[in-house]
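# Following is a predicted model, sequence given first.
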Amino acid sequence: MSKPKVHNHQHDVVIVGAGGAGMRAAIETGPHVTTAVISKLFPTRSHTGAAQGGMAAALANVEEDNWEWHTFDTVKGGDYLVDQDAAEILAKESVQAVIDLENMGLPFNRTPDGKIDQRRFGGHTRDHGKAPVRRSCYAADRTGHMILQTLYQNCVRLGIEFFSEFYVLDLIMNTVDGEERPSAVVAYELATGEIHIFQGKSIIFATGGFGKIFKTTSNAHTLTGDGVGIIWRKGLPLEDMEFYQFHPTGLAGLGILLSEAARGEGAILRNASGERFMERYAPTIKDLAPRDMVARAMANEVREGRGAGPHKDYVLLDLTHLPPEVIDAKLPDITEFARTYLGVEPYTEPVPVFPTAHYAMGGIPTNVKAEVLRNNKKVVPGLYAAGECACVSVHGANRLGTNSLLDINVFGKRAGIYAVEYAKKAKHVPVPKDAAQGVLDLLEEMQNSTGTEKIAVLRKELQDTMDKNAQVYRTEESLDEALEVIAGLRKRYKNIQVQDKGARFNTDLLEAVELGFLFDLAEVLVVTSKERRESRGGHFREDYPTRNDEKFMVHSMAYKNGKKIKVDWKPVVITNYPPMERKY
Amino acid sequence: MPTKPTGTLYRGKTGMWSWVLHRITGVAIFFFLLVHTLDTALVRLDPAAYNEVIATYKTPIIGLAELGLVAAILFHALNGVRIILIDFWRKGTKYQNLMFWIVIGLAILIFAGFAPRHLANVFSHLPVGK
Amino acid sequence: MSTAVAETTEIGVVPSFTVTLFVRRFSKEDDLEARWEDFDVTVHGTDRVLDALHKIKWEQDGSLSFRRSCAHGVCGSDAMRINGRNRLACKTLIKDLDITEPIYVEPIKGLEVEKDLIVNMEPFYQAFKDVKPFLIATDKPKAERLQSPEERARFDMTTKCILCAACTSSCPVFWTDGQYFGPAAIVNAHRFIFDSRDEAADVRLEILNDKEGVWRCRTTFNCTEACPRGIEVTRAIAEVKQAILRGKP
Amino acid sequence: MVTIETPRSPRTRKSANREKWAWLFMRASGVVLIVLIFGHLFVNLFLGEGIKAIDFAFVAGKWANPFWQVWDTLMLWLALIHGTNGMRTLVNDYSEREGIRKFLNASLWTVCILLIVLGTLVTTTFDPCPDTSVVDALPQFCK
Ligand SMILES: Cc1cc2nc3c(=O)[nH]c(=O)nc-3n(C[C@H](O)[C@H](O)[C@H](O)COP(=O)(O)OP(=O)(O)OC[C@H]3O[C@@H](n4cnc5c(N)ncnc54)[C@H](O)[C@@H]3O)c2cc1C
Ligand code: HEM
Ligand code: SF4
Ligand code: F3S
Ligand code: FES
């Protein structure tokens, strides 16, 4: 491999990631300071586009609602591990966030009098849990798609400079005024194999989730958590990594999401013998229990041998009792997915479903200004994070549906605003001479490797063990097993084989690099899961099946300490809502 | 160095093939029209010369070619109507496929009415002996 | 539900089978000519062409390059020509194709091939940007703008576009010289031309009244048939033509 | 600093509305041509003895009537302009080089205009009973 060329760029703000959060930030920065948005995908290919359900905001367009109720629901939904100051901001700024999008052109569905229409969604209630409330603003069943398109359209309008199909692989820090600050990111250009150094006064990470550490996931192939991994490798902490949300209804074996709306419309979960098993787990609300409860119940049915299918490894979502007109009118996407991908006709056949890894509640810790934290108190000046890769934390131990699209808009915008503020008064941090060396070495080592291990095999073994040992049910033993497997895989990773030796569009090489990030994040997730010896929200320890507020009413903070992982804790911000038992 | 490798033929459906046919028939008619304008102009110059040329139109081979021309005009004209309906009628795009088959059907029908008569004319009275 | 039991054992018991894929390979770096390369892959009943391509890449030849992300038809990364027609690889089930014959997979047509199934999308994106694909309004609303459900429904169809280029690269007119704006750009102009909140319909209509604009469309319907989102592209184009003729949306 | 450029030949934006009018003309002329051409074919190829009957006398007989004179002149104009404009579309689609494109289009329109002029002269200055040695060829009413 000849030495790749290295290019240098300089901007005021550098944004990594062009999903909802990244582009929302760019819209704030673009008009004021020079901005570069770097993304491994063309912006509209980002996974925000997959979101279906909606975006929460207490607009009160169709019935009484207010931001305070929304805050409460968010806190309760997150099993009280939510930072309540952040949740307040999320709920308060939600209204403006929706109006911003509308004004930018987003085609929300409308009420007969022309206002933005709203619908119900799990966990959103009026007056602190009294009854469901219509809070989710939506655009048909493609709210995420419309958000992503609208944001990109406005970036085009503002002439934002994008660097698409550029993979950021490293963050360069440098010490100025006795403090370590971000200076640049190093990116690999897919089309040419060349290296680009983007120097920025403010750097925003908005790289999305990392569902690909699991086998069954609603996440895209490209959601490999590179951004979170880069921060991790810099020795900065990651917060609440043990909290990962599993959505109950993914298409079995594929993980493609079937929105919660299906059960909202009356669909019923059944096991192999046709029993409506949720009656045993949640006698009152049955199939509409919170995501984490339903997912666990489903996994338990399968574990105890009551699963359906040739391998007894899934349960069934039954819509056959619903009139076809209702299915067509309200659940067109679901029926299409089931037909296209499983060849199942939902009018007459139940649809095979199983919990699917869906959303990372944890990630890069930030404060409410989206500034990245170095530890429990101090921030890294000039470094920001927003969206699924960040942990503010507004989702706590379990995210409510529709709160993530809100999160990317509220905190994406904030990241943009504060990044501009900082960039206006700060100077560029010098880029060290050998800034690209780390990436160059990594790539060279991978590409020249003469190993025998196949990337896909290692990745599959990682995903298998994560699904088996760190999914909805976790125990000390299962987590230990996962750690052991990961350690073994890491050794084999050194002997990896990259077949493509070319410089142009070398996706083989990048899959190898991405795999490294997957290992890092899987390991952090397992280690923090081990440390949290309680059950809360999305994290369920069979050996510690109850919530333990006395010891664990804290965020976990994982630090990379050489080859080891050190887990520390950070207090939860509580303002108005003292922790209570979560009952629905 | 070829940068545009060619691959398989695109497997379009009736919409694409009707366009290909429309194009081919359009060009064919155009070239016929050029010739036809020139030969007809002969009437102004010399009636005898005109008659000689027009006599060739009555030979079996050209007679058959005329059939082809009529078929081409039939398709082009009827498909032209289909295109105009697609452009101006609200439901045109929805029924374009159906309309294509109607065009083919109508063309065959009219052609079936015309061909025997034309052939009879061409072959019943061969101009050879004249 | 007693029937459910009988059916459950059926679902998922789709047998595995072997198919041959002919993939069009090309790389600017070293190849002189694009070539067909064949691979035998064992696939499962529910596998899609994308899964087969992954199997090739992950088990047989890591250098095979193609774009993909969401794997369920919403991101628009993997439009390619499968058995002669533009489709998304992630939405095409192998069992729905004729598996007694080899499956032909090649890049979409009319855009320059970069490597294997990856083409240079830049001209396609440029045409999109050229139609001013964003809301243009001069009012400064304090709250949301009002729009009736009927007004909203007027342009619903064209909001579904995922910019996959299946349409534009299936258009025989686009293939000729790549200068035609192409159906996708017109679809995205349509989305704003017919939005009651937008004020710049005439600007976009003027842009599309260009030599390379809507008038180049010869109603071949390849675009409509190729669109994985079910957008009636030719209808949208017809509506834009009519709007130009009438001078208003 | 390196900037990544997107090389692309800019579209030529000119002749506003020309394509629109051309497009409309194709449709309008198409509709009229249906009547004209089918009428023409019907009378010339279907009625009576069809092709067999066509000779100078037949044409002269027709053009003695101003109705057919106008009919055929209009048909000539519309068909030639329609056809030539259609050919222009093809040339624009398939000619790769600008020079060739210009040349072909110029040739097309030259031929079109020449033929229109020629054809129109023929139909308007036509004399059904010219001085000719071949009296045979003349229509009945000249004799
Ligand atoms: C199927 C599905 C349905 C959902 N439905 C809902 C819903 O109804 N309501 C709701 O609120 N939430 C929903 N969510 C969650 C929500 O959609 C996501 O959490 C949110 O969109 C994440 O946005 P983001 O901007 O953080 O990341 P993404 O949109 O994933 O964007 C990540 C960006 O980072 C870039 N990137 C990543 N790595 C690199 C790198 N190394 N270098 C350069 N760029 C990089 C990518 O190219 C991409 O542009 C859903 C999620 C899924 C998967
Ligand atoms: C009989 C009545 C006719 C009708 C209804 C008709 C209709 C049409 C229409 C609507 C078009 C436009 C197609 C498009 O924009 O996609 C067209 C194109 C064309 N027509 Fe005709 N036409 C007729 C006769 C003729 C004649 C007599 C000629 C030849 C002189 C001709 C030659 C062409 C050509 C060359 C094209 C261009 C084809 C293309 O761009 O693909 N047409 N016709
Ligand atoms: S209109 Fe359809 S085919 Fe064309 S880019 Fe949009 S989604 Fe793809
Ligand atoms: S394929 Fe092309 S010709 Fe028109 S109908 Fe579609 S744009
Ligand atoms: S991979 Fe996203 S559309 Fe196919």
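In hand now; what should we look at? Since the model is a prediction, treat every value here as computed from it, not as a measurement. Numbering: from 1, shown residues only, chains lettered A, B, ... in the order given. Ligands and ions are numbered 1, 2, ... in the order given.
# biggest helix in chain D, by residue count?
The longest helix of chain D (DSSP state H) is helix D:66-94.
# My error: substitute chain B in the last question.
Looking across chain B with DSSP H, the single longest helix is helix B:14-45.
# what inclination does that helix have with respect to helix D:66-94?
For helix B:14-45 against helix D:66-94, the angle by axes from the mean of the first three to the mean of the last three CA atoms, to 10 degrees is 130 degrees.
# what does chain B put close to chain D?
Neighbours of chain D within chain B, by CB under 8 Å from any CB of the partner chain: B:23, B:26-27, B:29-30, B:33-34, B:37-38, B:40-41, B:43-44, B:46-48, B:50-51, B:54, B:57-58, B:63, B:66, B:70, B:73, B:77, B:80-81, B:83-84, B:87-88, B:114, B:117-118, B:121-122, B:124-125, B:127. The C-beta positions use only the backbone N, C-alpha and C, and glycine is treated the same way.
# average pLDDT for the helix or strand residue D:27 falls within?
Using DSSP states H and E, residue D:27 sits within helix D:18-41. On average, the pLDDT along helix D:18-41 is 96.
# Do it and ligand 2 come into contact?
Yes. Counting by CB under 6 Å from any ligand atom, ligand 2 is contacted by helix D:18-41 at D:26-27, D:30, D:33-34, D:37.
# Below-threshold pLDDT in the chain: ranges please.
Just so you know, I chose chain A. For chain A, the stretches with pLDDT under 70 are A:1-2, A:329, A:584.
# Switch to chain D, please.
In chain D, residues with pLDDT under 70: D:1-16, D:132-135, D:143.
# Closest to the centroid, which residue in it?
Chain D has residue D:80 as the residue nearest its centroid, 1.5 Å off, counting by CA atoms, centre = their mean.
# what separates the lengthiest helix in chain C from the chain centre, distance-wise?
In chain C, assigned by DSSP H, the helix with the most residues is helix C:233-246. Distance of helix C:233-246 from its chain centroid, counting by CA atoms, centre = their mean, to the nearest Å, is 20 Å.
# again, but for stretch D:73-83
How far stretch D:73-83 lies from its chain's middle: 3 Å, per CA atoms, centre = their mean.
# Repeat that for stretch C:113-126.
13 Å.
# Provide the contact partners of that stretch at residue level.
Contact partners of stretch C:113-126, identified using CB atoms under 8 Å, 6 or more residues apart in numbering or on different chains, comprise A:42, A:191, A:502, A:504-505, B:3-5, C:23-29, C:34, C:53, C:64-67, C:78, C:80, C:105-108, C:111-112, C:163, C:165, C:168-169, C:178, C:182, C:184, D:6, D:8.
# Is ligand 4 within reach of it?
No. Between stretch C:113-126 and ligand 4, judged by CB under 6 Å from any ligand atom, nothing touches; the nearest distance is 13.3 Å.
# near chain C at all, stretch A:154-171?
Yes. Contact between stretch A:154-171 and chain C, assessed by CB under 8 Å from any CB, occurs at A:154, A:156-157.
# List the ones among those that fall in strands.
Among the residues of stretch A:154-171 next to chain C, DSSP state E puts none in strands.
# Over to residue 122. Which of the three states is it?
If you meant another chain, say so; for now it's chain A. The three-state label given to residue A:122 by DSSP: H, G, I helix; E, B strand; the rest coil is strand.
# wait, it sits on residue A:400?
Yes. Counting by CB atoms under 8 Å, residue A:400 is a contact partner of residue A:122 at 7.0 Å.
# Look at those two and report which has more neighbours.
Looking at residue A:122 and residue A:400 with other CB atoms under 10 Å in any protein chain shown, you find the greater number of neighbours at residue A:400, namely 28 against 24.
# Now do the contacts for that one.
By CB under 8 Å, 6+ apart, the neighbours of residue A:400 are A:56, A:73-74, A:77-78, A:121-124.
# run the last query once more with 10 Å
With contact taken as CB atoms under 10 Å, 6 or more residues apart in numbering or on different chains, residue A:400 is in contact with A:56, A:70, A:73-78, A:82, A:121-124, A:135-136, A:245, A:290-291, A:394, A:406.
# returning to that earlier point: right, and the residue nearest to the centre of chain D touches residue D:110 too?
No. Residue D:80 lies out of contact with residue D:110 (CB atoms under 10 Å); the separation is 12.0 Å.
# For the residue positioned nearest the centre of chain B, pull up the helix or strand it's in.
Closest to where the C-alpha atoms of chain B average out (CA atoms, centre = their mean) is residue B:72, at 1.4 Å. Secondary structure from DSSP H and E places residue B:72 in helix B:60-88.
# could you give the mean pLDDT of that helix?
Mean predicted lDDT for helix B:60-88 stands at 95.
# ditto for stretch B:112-124
88.
# Any chance you could list what contacts it?
Contacts of stretch B:112-124 (CB under 10 Å, 6+ apart): B:57-64, B:66-67, B:70-71, B:74, B:111, D:41-42, D:45-53.
# Grab the nearest non-local neighbour of residue C:198.
Spatial nearest neighbour of residue C:198, excluding adjacent residues (CB to CB, 6 or more residues apart in numbering or on different chains): residue C:192 at 4.8 Å.
# okay, now the domains of chain C?
Domain assignment for chain C by automatic domain parsing gives C:16-119, C:122-246.
# Let me know whether the first one sits next to ligand 1.
So the one you mean is domain C:16-119. No. Domain C:16-119 lies out of reach of ligand 1 by CB under 6 Å from any ligand atom, never closer than 8.2 Å.
# tell me the contacts of the residue nearest to residue C:198?
Neighbouring residues of residue C:192 by CB under 10 Å, 6+ apart: A:105, A:153, C:131-136, C:155, C:158-159, C:198-201, C:203-204, C:249.
# Nearest to chain C among the residues of stretch A:154-171 next to chain C?
The closest of the residues of stretch A:154-171 next to chain C to chain C turns out to be residue A:157 (CB to the nearest CB; 4.1 Å).
# so how many other residues sit close to the closest one?
Residue A:157 has 18 neighbours, counted by other CB under 10 Å.
# Kindly report the same for residue B:104.
Using other CB under 10 Å, residue B:104 is surrounded by 17 other residues.
# Next, give phi and psi for it.
Phi and psi for residue B:104, reported as degrees, to the nearest 10, are phi -60, psi -50.
# can you pull out the strands in chain C?
Using DSSP E, strands in chain C cover C:17-25, C:35-43, C:79-82, C:85-88, C:103-106, C:113-115, C:118-119.
# Name the residues of chain D found near ligand 2, please.
D:26-27, D:30, D:33-34, D:37, D:79, D:82-83, D:86-87, D:89-90.
# Please repeat the previous calculation with a cut-off of 8 Å.
With the criterion set to CB under 8 Å from any ligand atom, chain D comes near ligand 2 through D:23, D:26-27, D:29-31, D:33-34, D:36-38, D:79-80, D:82-87, D:89-90, D:93.
# Could you identify the buried members of those?
Listed as buried from these are D:23, D:26, D:29-30, D:33-34, D:36-37, D:79-80, D:82-87, D:89-90, D:93; burial here means 16 or more other CB atoms under 10 Å in any protein chain shown.
# pLDDT score for residue C:178?
89.
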